[in-house]
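Asks: return atomic coordinates for the entry below.
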Amino acid sequence: MSPVYFLLLLVPVISAQTFHWGPCPTPKVQSDFILEPYLGEWYEIEKLPAYFAIGECIRANYSMREDGTVRVLTSQVLNVRNGGRWVVEGTAKVMEPKEPAKLGVQFTSFLPYSPYWVVSTDYTTYSVVYSCTDIFKRFHFNYAWIFSRSPTLPCVIVAYAKKLLNEEGINTSKMTYTDHNCELCN
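Replies: Numbers count the residues shown, from 1 in each chain. Okay, here's the model as predicted:
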C-alpha cells in the first residue's frame, strides 16, 4: 500500500483526533500513585476529541480482577432520544511497577495496550489522564481526559487540570465538555 493511500485512509480518523507531527510527548505522571483508591466510578468532564468517545454521559468504572488486572467498563449514551447506554469492557494493567501511574488499557485482544497515564489525581474528586498513539515516530494522536467522581467538577479544578496538561506540552485548547444531562431511567 502506498504511503499516500494509507494517509488518505486515515483522514476520517485524523479529523476526530488531535493530530501532531513528531513523537508522543512524555508528561510527568503522579509519582505516588496507588491503584486501589483509584478504582471505582469516574465521570468524564472534558476530553480531547477521540473517535471512540462521541456520546454523552461518558463514564468509566474500574474494578480489580482476581488476576491483578483491572476490569474497565466504559459507557456512553450515543442517542439520548432513543435511549440506551453503550458499554464496552476492557482490561487495564500497570505496565511498569516502578511507575504505577503508567497503566495500559486494552479493549480488544488483537490490539496492544494503549497508554493510560495518570498525570494527577486526588482519588476523591478529580483525575487527569493522558494517552498518545505514536505512528512511526512521524506523527501522533493526543488523548487527554479530566475525570471527576461526580457528573460535575468545579471550574477551578478543571482549570488546574488543564494547566497541568499545558505545562507538560499538551495543548488543551480543543478539549470539549461532556454533557451529563442525559441520565436514563434504566
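Asks: in stretch 27-47, what's buried?
Replies: Burial within stretch 27-47, assessed by neighbour count using 16 or more other Cβ atoms under 10 Å, is assigned to 27, 29, 30, 33, 35, 38, 42, 43, 44, 45, 46, 47. Using the backbone N, CA and C atoms, a C-beta is placed for each residue, glycine as well.
Asks: find the pair from the residues you listed with maximum spatial separation.
Replies: 35 and 46 (23.5 Å; Cβ to Cβ).
Asks: just give me the neighbour total for residue 95.
Replies: 15 (other Cβ atoms under 10 Å).
Asks: in this structure, which spans are helices?
Replies: Here the chain has its helices, by DSSP state H, at 3-15, 35-38, 155-167.
Asks: average pLDDT for the first one?
Replies: Computed over helix 3-15, the mean pLDDT rounds to 39.
Asks: now, which of the buried residues of stretch 27-47 lie within strands?
Replies: 42, 43, 44, 45, 46, 47 (DSSP state E).
Asks: who's in contact with the last one?
Replies: For residue 47, the contacting residues are 53, 58, 143, 144, 145, 146, 175, 176, 178, taking Cβ atoms under 8 Å, 6 or more residues apart in numbering as the criterion.
Asks: drop anything exposed from the residues you listed.
Replies: Buried, going by 16+ other Cβ under 10 Å: 53, 58, 143, 144, 145, 146, 175, 178, out of the contacts of residue 47.
Asks: picking up where we left off before, would TSV of the contacts of residue 47 with distance to residue 87 and pLDDT be doable?
Replies: TSV is the format used below for the contacts of residue 47 (distance: Cβ to Cβ, whole Å; pLDDT from 0 to 100):
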residue	distance to residue 87	pLDDT
53	13	57
58	11	90
143	20	92
144	23	95
145	18	96
146	21	98
175	24	94
176	21	92
178	16	90
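Asks: from the residues you listed, pick the one nearest residue 159.
Replies: Lowest distance from residue 159 to the contacts of residue 47 (Cβ to Cβ) belongs to residue 146, with 10.0 Å.
Asks: isn't the closest one up against residue 154?
Replies: No. With contact defined as Cβ atoms under 8 Å, residue 146 does not reach residue 154; the gap is 11.5 Å.
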